[in-house]
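> any chance you can model this:
(one chain, ligands or ions: 1)
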Amino acid sequence: MQDTSKHIPNIPEHVAIIMDGNGRWANARAHSRVWGHVRGSRVVSKIVEEADDLGVKALTLYAFSSENWCRPKDEISTLFVLLKKFLKVERNRIIENDIMFRVVGDTSGLPKETLNLIHDLESTTRSNNGLKLTFAFGYGSRNEILDSVNKFIQAHPGEAITEEDLSSGFYAPDLGDVDLLIRTGGDQRISNFLLWQSAYAELFFTATKWPDFKPKEFKSILESVSKRERRFGAVCAKGDLDHSKQEAQINRESLAGNAHV
Ligand code: FPP
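This next block holds a predicted model:
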């Protein structure tokens, strides 16, 4: 059974991470960019373990974006090798820890052996009840939104799509909204990652480059975000909202009445 003594109260349930800064980390040490990915892949295992220990329910990691296909061939093949290695090395630990593993995105360019490893681990862990660990690989959020819309149009021609229809057509609909989006590496962008799902996510940008990102920093981010008040766009109770709307209407009428001034 999992030790829950490390769990953080009010922890963000779905945490998504843009693991950025590998290339710059390596270049600053006079290494090639791929070395940064090698070192970054070691961090992945540690952060997965920490997320599980702290009580995160879902962890979605941006491992390869749809735009990353434009990188040099050796860099792409290194990322493929690292993914394969992760699947082999971490397989038993994932199963033993009751983790549900998935990959979302367009994986059609991956070697057959890696695809087999992915499908095997996905089906073995499908009914697991622990951390939902998802790798976004060959993933782009705009593609995901378009795929969902197009699926809907085909199934329901002429009908208007609702928010529920759209999100139920996503690659892993049960993951739901992102509560906290972290980006390492110092840039403050979302880079086509979980755009719809992050509409109300807390954002956290750290200058730490991914290979230097430690479980300790991850934990302190989770602790600080768990204390933030999240209002989801609302600042008042429903009755106050009705009152605010009435006031806004009076203000609009008064402004319209003064338009000639
Ligand atoms: C961005 O850094 C990172 C990526 C494109 C890939 C992230 C991949 C890993 C952390 C390792 C893969 C491991 C597994 C297990 C799949 P960047 O190269 O864009 O860094 P830069 O902004 O410094 O150039």
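
> all contacts plus neighbour counts: C-alpha atoms, from now on.
Will do.

> in this protein, what helix or strand scores lowest on average pLDDT?
helix 238-257 (a mean of 58; mean pLDDT, DSSP states H and E).

> enumerate the residues of the protein near the ligand.
Taking Cα under 6 Å from any ligand atom as the contact definition, the chain meets the ligand at 19-24, 37, 40-41, 63-64, 79, 82-83, 86.

> buried only: go through the residues you listed for me.
Neighbour counting over the residues of the chain next to the ligand (16 or more other Cα atoms under 10 Å) leaves 19-24, 37, 40-41, 63-64, 79, 82-83 as the buried ones.

> redo those residues as JSON lines? Include distance to Ser127 and pLDDT.
Shown next, in JSON lines, are these (distance: Cα to Cα, whole Å; pLDDT from 0 to 100):
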{"residue": "Met19", "distance to Ser127": "27", "pLDDT": "98"}
{"residue": "Asp20", "distance to Ser127": "31", "pLDDT": "97"}
{"residue": "Gly21", "distance to Ser127": "34", "pLDDT": "98"}
{"residue": "Asn22", "distance to Ser127": "33", "pLDDT": "97"}
{"residue": "Gly23", "distance to Ser127": "36", "pLDDT": "96"}
{"residue": "Arg24", "distance to Ser127": "39", "pLDDT": "98"}
{"residue": "His37", "distance to Ser127": "31", "pLDDT": "97"}
{"residue": "Gly40", "distance to Ser127": "29", "pLDDT": "98"}
{"residue": "Ser41", "distance to Ser127": "26", "pLDDT": "98"}
{"residue": "Ala63", "distance to Ser127": "24", "pLDDT": "95"}
{"residue": "Phe64", "distance to Ser127": "26", "pLDDT": "94"}
{"residue": "Leu79", "distance to Ser127": "28", "pLDDT": "96"}
{"residue": "Leu82", "distance to Ser127": "26", "pLDDT": "97"}
{"residue": "Leu83", "distance to Ser127": "22", "pLDDT": "98"}
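
> among those, name the ones in strands.
When those are checked against strands (DSSP state E), the matches are 63-64.

> can you tell me the helix or strand for Phe101?
strand 100-104 (DSSP states H and E).

> what's the farthest-apart pair in the buried ones among the residues of the chain next to the ligand?
Farthest-apart pair in these is Arg24 and Leu83; separation 20.4 Å (Cα to Cα).

> pull the longest helix from the chain.
Once the chain is assigned using DSSP state H, the helix that runs over the most residues is helix 73-96.

> show me what it is packed up against.
helix 33-54, helix 112-125 (3 or more Cα pairs under 8 Å, 6 or more residues apart in numbering; DSSP states H and E).

> looking at the ones you listed, which one is packed in the most?
Stretch with highest mean neighbour count among the helices and strands packed on helix 73-96: helix 33-54 (a mean of 19; mean count of other Cα atoms under 10 Å).

> list of residues touching that helix?
By Cα atoms under 8 Å, 6 or more residues apart in numbering, the surrounding residues in contact with helix 33-54 are 2-4, 6-8, 22-27, 59, 74-75, 78-79, 82, 86, 90, 130-131, 133, 210-215, 218-219.

> follow-up on the earlier one: for the strand holding Phe101, list every residue counted as buried.
Buried residues in strand 100-104, counted by 16+ other Cα under 10 Å: 100-104.
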